[in-house]
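**Q** Generate coordinates for the sequence data below:
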Amino acid sequence: MLADFAKETTSEGRRELLRKVTEALNPATPLAENEIAEFDDVLATIASDYSAQVRAQIARLIASNLSPFSRSAQRFAMDDIEVARPILEHSDVLSEDTLLRVVEQKSQDHMMAVTRRKRISEAVSHALVERGDDAVVTSLLTNEKAEIGATAYDIVAKRAETSTALQAPLVRRSGVPLELLNDLYMKVEADLRRVIVGKYESVPPEELEAAFQRSRTRVSNRYAQPDDFETSKRRIDGLERKGALTPPVLIALMREGVSARTSFKLAFARLADVDYDLVERVVEGPDLDTIALLCRGSQFDRALFISLAAGLSHAENALAGAEDFGKLYESVPVQAAQRAIRFWKVRAAA
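**A** Have a look, this model is predicted:
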């Protein structure tokens, strides 16, 4: 019947033969094992003789069929996307090797179809992350049944630093290593920062400890030290020896202006027990969300944060925002802030 289908030239004859093929592939019409194997072999052998429209129709039937039409499924998976899509999305008989070959050789549309499968192995996910565009990787991240390994997550996190399209699906996905989210914290918008802070709060202690250990092996980008770094460091060392390095000193140093800017950052880093580079980024931003997190986690009081926020803000009338600054400070959970700071401490020590 399949051989006749390939030879049939009239539209009516092809429709009638296709109807019979459809009946044969109907899940409600079980076939014997030898019949399936023969059917599969013939279909795979002569499939190229059919038009794309007919191949697509048969591919849809195979994709929804519980019988193992393995050879024809592997062949249709490498076909044009209109033919391959139902197979790539739904067929359970595709091997991992075939899926890897699809990702390696076929289009972004083919890869998008692979991301919608109900099961995706780590190896296939890794290949998708390496070759897929942002739309493909986003689709993969939103498929919670996809298995994604640590190396693939690392690749996505690096891409997300400059690709805003990847940030939300990565941050919102469950199972993403917390140290990667910590690295991404200062590069995402406020709503995603709140999601990350929520994960700091909810992660079990043993998982948090494992994330700290992994974080020790990561290397942060370092800023060039300013010309007055050593002089400023000696000043802060002197204050610390005298027992005068306390949070209120930050306000005094900030009010000295540009001449004490490096001393201010060094004092802030020392009091919060984080890397100078981190404070450099948040002060020059200014990144008031992260400054609030540092103040909250370091137990600086609310009034001190409001003064810092008003002094560092680029707003024309920053003092008028005191109430908003206070709300920002109070919105940061203390435990989550302390966990975030611990990540930054680990990185600073490394």
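**Q** just the helices in the stretch 251-350 of the chain please.
**A** For the stretch 251-350 of the chain, the helices defined by DSSP state H, counting those that start in this stretch cover 261-272, 276-284, 288-297, 302-312, 322-330, 334-349.
**Q** Could you single out the most deeply buried of the ones you listed?
**A** helix 288-297 (a mean of 25; mean count of other C-beta atoms under 10 Å). Bear in mind the C-beta positions are built from the backbone N, C-alpha and C, glycine included.
**Q** and for that helix, what are the contacting residues?
**A** Residues from elsewhere that reach helix 288-297 (C-beta atoms under 8 Å, 6 or more residues apart in numbering): 185-186, 190, 193, 197, 268, 272, 274, 279, 282-283, 300, 304-305, 308-309, 312-313, 325, 328-329, 331-334, 337-338, 340-341.
**Q** With stretch 73-84 instead?
**A** Contacts of stretch 73-84 (C-beta under 8 Å, 6+ apart): 44, 47, 52, 55-56, 58-59, 62-63, 87-88, 91, 93-95, 98-99, 101-102, 105-107, 109-110, 113.
**Q** Give me the distance between the two termini of it.
**A** Taking C-alpha to C-alpha, to the nearest Å, stretch 73-84 runs 9 Å from one end to the other.
**Q** Enumerate the positions of that stretch that are buried.
**A** 73-80, 83-84 (16 or more other C-beta atoms under 10 Å).
**Q** If we ignore the residues flanking it in sequence, what's nearest residue 62?
**A** Spatial nearest neighbour of residue 62, chain neighbours left out: residue 69 (4.8 Å); criterion: C-beta to C-beta, 6 or more residues apart in numbering.
**Q** Nearest residue to residue 127 in space, please, no chain neighbours.
**A** residue 103 (4.3 Å).
**Q** for residue 140, that is, sorry about that
**A** Take residue 140 and drop its neighbours on the chain: the residue closest to it by C-beta to C-beta, 6+ apart is residue 115, 4.4 Å away.
**Q** mind listing what the one you found touches?
**A** 128, 132, 136, 139-140, 143, 146.
**Q** Same check on residue 56?
**A** 82-83, 86.
**Q** Now do the same for it: helix, strand or coil?
**A** Judged by DSSP: H, G, I helix; E, B strand; the rest coil, the three-state class of residue 56 is helix.
**Q** what phi and what psi does the backbone show at residue 331?
**A** Backbone torsions of residue 331, given as degrees, to the nearest 10, read phi -80, psi -10.
**Q** Near it, how many other residues are there?
**A** 13 (other C-beta atoms under 10 Å).
**Q** Kindly export stretch 228-239 (C-alpha atoms) in CSV.
**A** Extracted in CSV, the C-alpha atoms of stretch 228-239 (Å, rounded to 0.1, in the frame of the first residue of the first chain):
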residue,chain,number,x,y,z
ASP,A,228,44.7,57.0,45.9
PHE,A,229,43.8,53.4,46.9
GLU,A,230,46.9,52.8,49.1
THR,A,231,46.6,56.2,50.8
SER,A,232,42.9,55.6,51.5
LYS,A,233,43.6,52.1,52.7
ARG,A,234,46.1,53.5,55.3
ARG,A,235,43.5,56.0,56.4
ILE,A,236,40.9,53.3,57.0
ASP,A,237,43.4,51.0,58.6
GLY,A,238,44.2,53.8,61.1
LEU,A,239,40.5,54.3,61.9
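**Q** quick one: contacts of that stretch?
**A** Stretch 228-239 is contacted by residues 226, 245, 249, 260, 262-263, 266-267, 270 when judged by C-beta under 8 Å, 6+ apart.
**Q** cutoff 6 Å now
**A** 245, 262-263, 266-267 (C-beta atoms under 6 Å, 6 or more residues apart in numbering).
**Q** In that stretch, which residues are buried?
**A** Those would be 232-233, 235-236, 239, for stretch 228-239 by 16+ other C-beta under 10 Å.
**Q** Could you give the average pLDDT over it?
**A** For stretch 228-239, mean pLDDT rounds to 95.
**Q** With stretch 191-203 instead?
**A** 90.
**Q** now the helices: where do they sit in the stretch 51-200 of the chain?
**A** For the stretch 51-200 of the chain, the helices defined by DSSP H, counting those that start in this stretch cover 52-63, 70-77, 81-90, 96-105, 108-114, 122-131, 134-142, 150-160, 164-172, 178-184, 190-202.
**Q** Thank you, goodbye.
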